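[1] attaching a predicted model along with its sequence, questions to come.
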Amino acid sequence: MTAHVFSVRGKRVTVVGAARSGIAAAHLLVGRGATVTLTDTREEIADADGLRSAGVRLELGRHDATTFSASDLIVLSPGVPATMAEVAAARAAGVPVIGEMELAARWLRGRIVAITGTKGKSTTTTLTGRMLAAGGHKVLVGGNIGNALSAQVEDSTDQTIHVVEASSFQLETIERFRPWIAVLLNFSPDHLDRHADEHEYAAAKSRIFVNQTADDWAVLNADDVSVARMAADAVSRRLLFSMTDSLASGVLVQGDSIVRRTAEGDTPLVPLASVRLLGRHLIADVLAASAVASLAGVDAAAMTEAVEQFTGLEHALEPVAEFGGVMFVNDSKATNIEAARRAIESFDSVVVILGGRFKGGDFADLRQSLVDRRASVVAIGESQDLVVNALAGAVPIHRASDLGAAVRTAFASAAPGAAVVLAPACASFDMFSDYAERGRVFKQEVRRLEEEWKNAREQ
């Protein structure tokens, strides 16, 4: 897709960070003739033997500044800040520094659909991939979800559409990365434990448009005022989407259907009755996916088929169980305040489990949504005091020492017909390895409680 010739043959390349993306980048680079060092502060990493046998040198338990400065290229995993001292020193000495997504994109042969936003990226990316595949396209889905982009390079063809979930961490280190279709779903403050402030976070997201041309497309949420501002400098064509029937042209909800509106009229795309996702806000993700599929020439029947077969992602408003008149829902991916608010507003009566490692924002922004639903809160993790201080006096608040206790406390607090929702508004790293482990533990605790409840009923 790029006119630039890019080669690493004979070059010394240091990959920083040995998680999924860094491991994939190391394998890709060594396969392309580079001399590769993979460095991580952890003593043990996944696939260490496979990497060594492929010819990758591992530097574990430390970062050696001389390795960085002696490199011809440094490739950063998304979890590694570009401001890290060794990286900054090497860059100041003239060593090029790029991210793993940028590296992979230089060798991709097909077109790129890149999807970013604060909330809904994974759902939209997955559903977009399914719609395009249902429409007959050769599709590879990855990036910040599933396979790292580096793991897709060898399977890339001129006919491939790469549907890429792109995080702010990945976008801040791009140089040439150019999506044919760039999707910006929404924006709210997040990752302020990594970005200096909200403006820096927004600037990273906005980079999704920076290399687009007038031949490309920007798919934008017309319902979010921040989105238009962030896309103001994009030179690509625009296709707007909206949850309301308010656009002169775009993809929108009209009556009981998602339609594409043009000057010629409305073309039905997907009946709302086909959407099998909890939470009205997730319809916005279906709108965005439908907009991309429409641009790619997918017909309405294929879009609808993909939507009907899609029941959502694990850890994203995932129904877990229902007993004692209470529904349990796992939204462990709700790692920021706005995501938690949307989860809360998906239910008429709710007990929400909040807390973890704080990433920024203000829990007080949840007060009105909680009050409107006569909700109660169970606070967990490092941020318990922040939760209590922000919400005290608004709704009943309980504390729990772990997720098992939180599930039981929430069940005891829930009125018949209510939902108990894990929507932490925080990262998981105070108690778990990632949001997925937190979600799995929540589901285990719910099922354990369900067994206890059934046994008690039978006695």
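    Cool, got the structure. Residues are numbered from 1 along each chain as shown.
[2] hmm, V80 and I98 touching each other?
    No. The pair I98 and V80 fails to qualify as a contact (CB atoms under 8 Å) at a distance of 11.9 Å. C-beta coordinates here come from the backbone N, C-alpha and C atoms, glycine included.
[3] of those two, who's got more company?
    With other CB atoms under 10 Å as the criterion, I98 and V80 differ in neighbour count, and V80 comes out ahead with 25 against 20.
[4] so who does the more buried one touch?
    Applying CB atoms under 8 Å, 6 or more residues apart in numbering to V80 gives the contacts V16, G17, V87.
[5] for the residues you listed, which one is nearest G417?
    Within the contacts of V80, proximity to G417 (CB to CB) peaks at G17, which comes in at 45.9 Å.
[6] residues in contact with the closest one?
    With contact set as CB under 8 Å, 6+ apart, G17 has these partners: T39, D40, L76, S77, P78, G79, V80.
[7] which of these ranks first by neighbour count?
    Neighbour counts for these, by other CB under 10 Å, peak at L76, which reaches 28 neighbours.
[8] tell me, what's the model's pLDDT at it?
    Confidence per residue is given as pLDDT, and for L76 that number is 96.
[9] make residue 1 into 117 and carry on from there
    OK, 117 is where the count begins now, so the last one is L192.
[10] next up, the contacts around A338.
    The contact partners of A338, by CB under 8 Å, 6+ apart, come to A344, L356, F357, S358, S362, L363, G366.
[11] please pick the buried ones from those residues.
    With burial judged by 16 or more other CB atoms under 10 Å, the buried subset of the contacts of A338 is L356, F357, S358, L363, G366.
[12] out of these, which two sit at the greatest distance?
    Farthest pair in these (CB to CB) is F357 and L363. Separation: 8.0 Å.
[13] quick check: A320 touching S284?
    Yes. Under the criterion of CB under 8 Å, A320 makes contact with S284 at 4.0 Å.
[14] for L336, state which of the contacts of A338 is nearest.
    The shortest distance between L336 and any of the contacts of A338, using CB to CB, involves L356 and amounts to 5.4 Å.
[15] what's that closest one sitting at in phi/psi?
    The phi and psi values for L356, taken as degrees, to the nearest 10, are phi -90, psi 150.
[16] and for N302?
    Torsion angles at N302 (phi, psi; degrees, to the nearest 10) stand at phi -180, psi 170.
[17] any idea how far it is from S485?
    When CB to CB, to the nearest Å is the yardstick, N302 and S485 sit 16 Å from each other.
[18] who has more neighbours out of these two?
    In terms of neighbours (other CB under 10 Å), N302 is the more surrounded of N302 and S485; the figures are 23 against 17.
[19] what residues does the more buried one make contact with?
    G233, T234, K235, G236, N337, D340, S342, V343, A400, E454 are the contacts of N302 under CB under 8 Å, 6+ apart.
[20] need those in a markdown table (columns: distance to E574).
    Written out in a markdown table, the entries for the contacts of N302 read as follows (distance: CB to CB, whole Å):
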| residue | distance to E574 |
| --- | --- |
| G233 | 47 |
| T234 | 45 |
| K235 | 41 |
| G236 | 42 |
| N337 | 50 |
| D340 | 50 |
| S342 | 53 |
| V343 | 53 |
| A400 | 44 |
| E454 | 43 |
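[21] helices - which of the residues you listed land there?
    Secondary structure of these is defined by DSSP state H; positions in helices are S342, V343, A400, E454.
[22] how far away is S169 from A508?
    Counting by CB to CB, the separation of S169 from A508 is 57 Å.
[23] sorry, that was for L565
    L565 sits 27 Å away from A508 when distances are taken as CB to CB.
[24] quick one, which of the two is more surrounded?
    Comparing L565 with A508 by other CB under 10 Å, the one with more neighbours is L565, at 21 against 9.
[25] sec struct for the more buried one, please.
    L565 carries the three-state label helix when classified by DSSP: H, G, I helix; E, B strand; the rest coil.
[26] ok, the ones in helices among the contacts of N302 vs E438, which is closest?
    Checking those against E438 with CB to CB, the nearest one is A400 at 25.8 Å.
[27] does L470 touch A541 like I think?
    Yes. Applying CB under 8 Å, one finds L470 in contact with A541, separated by 5.6 Å.
[28] quick check: neighbours shared by those two?
    Here L470 and A541 share the contacting residues A456, F479, L482, scored by CB under 8 Å, 6+ apart.
[29] pull out the buried members of those.
    Of all these considered here, the ones buried according to neighbour count by 16+ other CB under 10 Å are A456, F479, L482.
[30] from those, which ones fall inside strands?
    Cross-referencing the buried ones among the shared contacts of L470 and A541 against strands under DSSP state E gives no overlap.
[31] what is the nearest of the residues you listed to R377?
    Lowest distance from R377 to these (CB to CB) belongs to A456, with 32.5 Å.
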